[in-house]
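Trainee: with the input below, show me the fold.
(one chain, ligands or ions: 2)
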Amino acid sequence: MCEQITDKNVSSLVEKHDTFIFDCDGVLWNWPHVIPGAVDLLNKLTALGKQIFFVTNNSTKTQDDYAKRFADIGFNAAKKADQVPSDLQAIKTDEVQLDSDITCVISALDLHMSYLKVLKAATHLKRKEVLFLGTNDDASLPTNDEVVMPGAGAVLAAVTAASGRLPTILGKPHTPMWKVIQDEFNLNPTKTVMVGDRLETDIAFGNNQGLTTILVLTGATNESHVNELKEQKTDKSNIPNFYISGVGKLAQLIND
Ligand code: PLP
Ligand code: CA
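Mentor: Numbering: from 1, shown residues only. Ligands and ions are numbered 1, 2, ... in the order given. Okay, the predicted model is just below:
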């Protein structure tokens, strides 16, 4: 566990796996700045015949936004997996009427959350047949400053508390995000790598599903965290199999 990727182990790591899943923010970019070497790595892995997937907990952008983003940075991302199970439709909380047509409440990041919206969501959820979904439970948004920006998890906590219901959470580290791509693309967990920057979302997601996990240090986790992890004896769920300074270094090791 928690082994550094070097020129000694990189080839076997790449050869053993046919699929690479990348978290986006903190791994490929720190919005809007692309991490040096990110596109090089994606192109290199593609040239080696690897399948590539992107998983993000950012519920504020659509797949089309991401397709454009990848095209803008020089990578052609073509395949699409379902965003949510296909029989469900997202309902915007500010459009919700208190009528019985509503079959699902989805809680997502909402910079304009209000008492009234939580009231409406919780009231719909009184009917047990109404499905309760959360996009993700990230407590806060990635930010460089001292400010704490509450994330989708903070919105979800309010709806959960008010409704007394437990949501099914779609994003990392929960299983639905994995199931959507595994079922559609028939992925083998033992041949799949998850690359991420957050221990409690990305690394836990990969470890929970039996994937090989790589932590990069360009986002939420730094080298001193890694040293603490190496000492940790108890909970292994957030400990990556491998770590490396960033995707640029990985591209460079594969190139050599
Ligand atoms: N949620 C929001 C609203 C964000 O803006 C971000 C990052 O920009 C995230 C979640 C985390 O995204 P990721 O899972 O790609 O790190
Ligand atoms: Ca991230």
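Trainee: the residue of the stretch 101-250 of the chain found nearest ligand 2 - nearest residue in space that isn't next to it in sequence?
Mentor: Residue nearest to ligand 2 within the stretch 101-250 of the chain: residue 197 (4.6 Å; C-beta to the ion). All C-beta spots, glycine's among them, are computed from the backbone N, C-alpha and C. Leaving aside its sequence neighbours, residue 197 sits nearest to residue 219 (C-beta to C-beta, 6 or more residues apart in numbering; 2.9 Å).
Trainee: any idea what residue 194 is bridged to?
Mentor: For residue 194, the beta-bridge partners are residue 21, residue 213 (DSSP bridges).
Trainee: doesn't residue 201 make contact with it?
Mentor: No - judged on C-beta atoms under 8 Å, residue 194 makes no contact with residue 201 at a distance of 10.4 Å.
Trainee: which neighbours do those two have in common?
Mentor: Residues touching both residue 194 and residue 201 (C-beta atoms under 8 Å, 6 or more residues apart in numbering) are residue 23.
Trainee: out of these two, which sits in the more crowded spot?
Mentor: Higher neighbour count among residue 194 and residue 201: residue 194, with 29 against 24, using other C-beta atoms under 10 Å.
Trainee: quick one, grab the pLDDT at that one.
Mentor: With respect to pLDDT, residue 194 has a value of 98.
Trainee: ok, it to residue 131 distance?
Mentor: Going from residue 194 to residue 131 by C-beta to C-beta, to the nearest Å gives 27 Å.
Trainee: ok so, going back, next, the contact list for the residue of the stretch 101-250 of the chain closest to ligand 2, please.
Mentor: 23, 25-27, 215-221.
Trainee: and if you look at residue 50?
Mentor: Applying C-beta under 8 Å, 6+ apart, the residues contacting residue 50 are 14, 17-20.
Trainee: give the buried residues for the helix or strand residue 184 falls within.
Mentor: Here residue 184, judged by DSSP states H and E, is contained in helix 175-185. For helix 175-185, burial by neighbour count (16 or more other C-beta atoms under 10 Å) applies to 177-178, 180-182.
Trainee: next: stretch 185-194.
Mentor: So for stretch 185-194, counting by 16+ other C-beta under 10 Å, buried means 187, 192-194.
Trainee: flag every residue of the stretch 1-150 of the chain that's near ligand 1.
Mentor: 23-26, 31, 56-58, 60, 109, 138, 141-142 (C-beta under 6 Å from any ligand atom).
Trainee: ok, 5 Å please
Mentor: 24-25, 56-58, 60, 109 (C-beta under 5 Å from any ligand atom).
Trainee: ok so, going back, can you flag the buried ones in the contacts of residue 197?
Mentor: The buried subset of those - by 16+ other C-beta under 10 Å - is 23, 25-27, 215-221.
Trainee: which one of those residues is nearest to ligand 1?
Mentor: Checking the buried ones among the contacts of residue 197 against ligand 1 with C-beta to the nearest ligand atom, the nearest one is residue 25 at 3.5 Å.
Trainee: since that was my last question, I'll sign off now.
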